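Kindly generate the corresponding structure for this input.
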Amino acid sequence: MAYVYVYAPFSGTIWGKSTYCNGSAHTVVRNLEGGSPMDIGNVSENTSIRFMASSLVKSIRTRRAPVCATQTGDWNQGVIVDMFAQYNQQCYIGSVAYGHVKNWVANGNHNTRTLTLGKLPADCNCGCSDGIHVHTQAKHGTITGLAQCAGSRVYSGSTWIYRYQWNSGWC
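Purely as a prediction, here's the structure:
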């Protein structure tokens with residue numbers, strides 16, 4: 001059994017995971033699919049949001065999805081990245097979603113394991129995760145590594161945030 005890893009989309013700090021700082025449950029956004037919600041913040045507006053996965057990922061599909069029922073504009077924009085073990089979107093592994101994205105990438109297929117998805121919008125003052133942040137969720141993956149600890153610093157391209165089990169015999 002091998003693992004596929006998704007890395008932090010930028011360098012920042014893990015804020016909320018299964019609960020917000022006030023103890024209430026962290027929202028799992030149905031439109032973004034999956035679970036294991038996590039917010040990554042302590043960054044500035046216009047920070048690039050970059051999808052990066054380990055080398056078992058050969059291709060991806062990007063899809064847009066709305067995020068917040070209570071927000072409009074860029075705070076309501078999200079991108080889902082479906083990962084595949086073969087080129088041309090064959091042999092599905094799982095998905096990771098990014099919420100609160102402006103200047104988002106178009107829906108499409110890409111034979112790559114890295115892609116800039118968009119940028120972070122200005123602060124929304126929405127809930128306990130006030131401040132500029134990206135909301136992430138995983139479908140078929142789990143939170144892993146330093147991302148398991150709220151308050152941990154994560155680094156773009158080097159800190160794993162989600163892990164997916166993978167077996168090449170599944171294709």
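
contacts and neighbour counts: CA atoms only from here.
Fine.

Burial check on residue 134, number of neighbours?
Counted with other Cα atoms under 10 Å, the neighbours of residue 134 add up to 27.

Please apply the same query to residue 33.
Number of residues near residue 33 (other Cα under 10 Å) recorded here: 16.

quick one: contacts for it?
97, 137, 138, 139 (Cα atoms under 8 Å, 6 or more residues apart in numbering).

go again using 10 Å as the cut-off
Contact partners of residue 33, counting by Cα atoms under 10 Å, 6 or more residues apart in numbering, are 65, 80, 95, 96, 97, 137, 138, 139, 140.

min pLDDT across those residues, which one?
Scanning the contacts of residue 33 for pLDDT, the low point is residue 65. It has 90.

Next, that one: secondary structure please.
Using DSSP: H, G, I helix; E, B strand; the rest coil, the secondary structure recorded for residue 65 is strand.

again with the one 3 residues further on
State at residue 68, reduced to three classes by three-state DSSP: coil.

could you measure it against residue 30, distance?
10 Å (Cα to Cα, to the nearest Å).

neighbour count winner among these two?
Relative neighbour count places residue 68 above the other of residue 68 and residue 30, with 20 against 13, counting by other Cα under 10 Å.

Excluding residues flanking it in the chain, which one is nearest that one?
Nearest residue to residue 68, sequence neighbours excluded (Cα to Cα, 6 or more residues apart in numbering): residue 76, at 4.9 Å.

which residues touch the one you found?
Neighbouring residues of residue 76 by Cα under 10 Å, 6+ apart: 65, 66, 67, 68, 69, 70, 99, 100, 101, 102.

Most neighbours among these, which one?
Using other Cα under 10 Å as the neighbour criterion, residue 100 leads the contacts of residue 76 with 29 neighbours.
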